[in-house]
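Colleague: Let me see the structure of the following:
(one chain, ligands or ions: 2)
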Amino acid sequence: MKLVDYHVHTDYSSDAISPMQKVIEAAILNNVEALAITDHFEVGDMYDVDGAYATYNVIKELYNDKIDLSYGVEIGDPYRDPVLAADVLDKIPFDFVLASCHYCDGPYWTRNFKTTNKDEFMQHYFDNLNLILDFGNFDCFAHLDLPKRYMSSVGVSLDILSEYPEQTEQVLMRAIAEGKGLEVNTSGLRPYTNGDMMGETMPNMNVIELYKKLGGTIVTVGSDSHNKNDVGKNCVDALDCLKKAGFDEVATFKGRKCKFETIEIEYE
Ligand SMILES: [Zn+2]
Ligand SMILES: [Zn+2]
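Modeller: Numbers count the residues shown, from 1 in each chain. Ligands and ions are numbered 1, 2, ... in the order given. I've put the predicted structure just below:
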């Protein structure tokens with residue numbers, strides 16, 4: 001079984017707590033065979049790009065024979081400063097780039113959804129996914145239906161495909177046409193710090209199935225761990241979702257080039 005985790009944070013991310021070495025050791029302990037480090041690069045909240053890469057280069061030598069390591073980044077809303085974003089992506093030879101919409105323009109931030117008009121909020125969100133596609137320098141969309149995480153915490157449900165079918169299909173079709181992959185993010189399967197739990201992957205199954213039906217082939221799996229204890233968590237479940245959706249392969253990346261690995265989990 002090839003267990004992969006292509007979305008983990010280290011303490012180079014401002015909201016994560018575990019040193020990179022501990023994250024890699026936890027991955028090995030949890031039988032993760034292919035791991036991509038993907039710290040946050042939020043435009044306007046720059047992380048220590050050079051320090052993180054230097055640390056990775058030292059540590060990877062210690063573990064190269066134990067785990068298949070890739071060095072990535074989770075770039076948030078690159079359209080907010082595409083020149084800076086492009087500079088960082090030019091400077092560091094990342095293996096893998098996840099792109100995320102964490103912010104929505106103006107007053108809207110995914111985390112700040114409270115009583116805002118949901119349709120208006122989601123229109124901003126879909127517009128921003130298209131701005132990320134306009135930017136273009138990334139490999140996969142992370143957690144495509146992220147707003148549901150914050151909506152669920154205020155008792156509002158969100159199923160992007162059934163509620164916003166045209167916009168969801170448009171983004172997926174454009175992503176596929178432009179060679180962009182789709183991550184299955186397992187963080188929604190873990191309880192939050194307040195004990196609440198969303199109980200589904202991001203995106204959920206119907207979006208994964210539509211990506212497949214529309215011809216999408218590039219799918220990754222990520223725990224989005226911000227703590228070494230969560231490295232690899234529920235990644236087997238995400239691989240299971242992919243199998244159920246008809247995928248036989250999961251994507252890994254080296255030097256921004258996609259390599260497909262057969263999904264070999266037991267499937268019942
Ligand atoms: Zn994210
Ligand atoms: Zn993340």
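
Colleague: only C-alpha atoms for contact and neighbour calcs from this point on.
Modeller: Fine.

Colleague: What segments of the protein are helices?
Modeller: 20-29, 49-63, 82-91, 118-135, 147-152, 160-163, 165-177, 205-213, 235-244 (DSSP state H).

Colleague: Lowest average confidence across the ones you listed, which one?
Modeller: Among these, helix 147-152 carries the lowest mean pLDDT, at a mean of 86.

Colleague: May I see the buried residues of that one?
Modeller: 147-151 (16 or more other Cα atoms under 10 Å).

Colleague: what about Lys228, distance to Cys235?
Modeller: Distance check for Lys228 against Cys235: by Cα to Cα, to the nearest Å, it reads 14 Å.

Colleague: Ok, Tyr56 next?
Modeller: Distance from Tyr56 to Cys235, counting by Cα to Cα: 23 Å.

Colleague: Looking at the two, which one has more neighbours?
Modeller: Counted by other Cα atoms under 10 Å, Tyr56 and Cys235 do not tie: Cys235 has more neighbours, with 24 against 17.

Colleague: hang on, Ile17 packs against Asp11?
Modeller: Yes - using Cα atoms under 8 Å, Ile17 is in contact with Asp11, at 4.7 Å.

Colleague: that older thread, of the helices of the chain, which is nearest Ile75?
Modeller: Checking the helices of the chain against Ile75 by Cα to Cα gives helix 82-91 as the closest, at 7.9 Å.

Colleague: Look up the pLDDT of the residue nearest in space to the middle of the chain for me, please.
Modeller: Among the residues of the chain, the one closest to the centroid is Ala142, at 2.9 Å (Cα atoms, centre = their mean). pLDDT, Ala142: 98.

Colleague: could you list every residue that touches it?
Modeller: 74, 98-100, 182-185 (Cα atoms under 8 Å, 6 or more residues apart in numbering).

Colleague: that older thread, of the buried residues of helix 147-152, which is the nearest to Ser223?
Modeller: Set against Ser223, the nearest of the buried residues of helix 147-152 by Cα to Cα is Arg149 (14.6 Å).

Colleague: and Glu249, how many neighbours?
Modeller: Neighbours of Glu249 (other Cα under 10 Å): 19.

Colleague: Surely it and Phe260 touch.
Modeller: Yes - Glu249 is in contact with Phe260 according to Cα under 8 Å; the separation is 5.7 Å.

Colleague: Distance check, Leu35 against Gly232.
Modeller: Noted for Leu35: a distance of 9 Å to Gly232, by Cα to Cα.

Colleague: do Tyr150 as well
Modeller: For Tyr150, the distance to Gly232 equals 23 Å [Cα to Cα].

Colleague: which stretch among the helices of the chain comes nearest Asp224?
Modeller: Among those, the nearest to Asp224 by Cα to Cα is helix 235-244 (10.1 Å).

Colleague: ok, and for the closest one, which residues are buried?
Modeller: 235-243.

Colleague: With distance to Glu178 as added columns, please give those residues in JSON lines.
Modeller: Output for the buried residues of helix 235-244, formatted as JSON lines (distance: Cα to Cα, whole Å):
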{"residue": "Cys235", "distance to Glu178": "26"}
{"residue": "Val236", "distance to Glu178": "28"}
{"residue": "Asp237", "distance to Glu178": "28"}
{"residue": "Ala238", "distance to Glu178": "24"}
{"residue": "Leu239", "distance to Glu178": "24"}
{"residue": "Asp240", "distance to Glu178": "26"}
{"residue": "Cys241", "distance to Glu178": "24"}
{"residue": "Leu242", "distance to Glu178": "21"}
{"residue": "Lys243", "distance to Glu178": "24"}
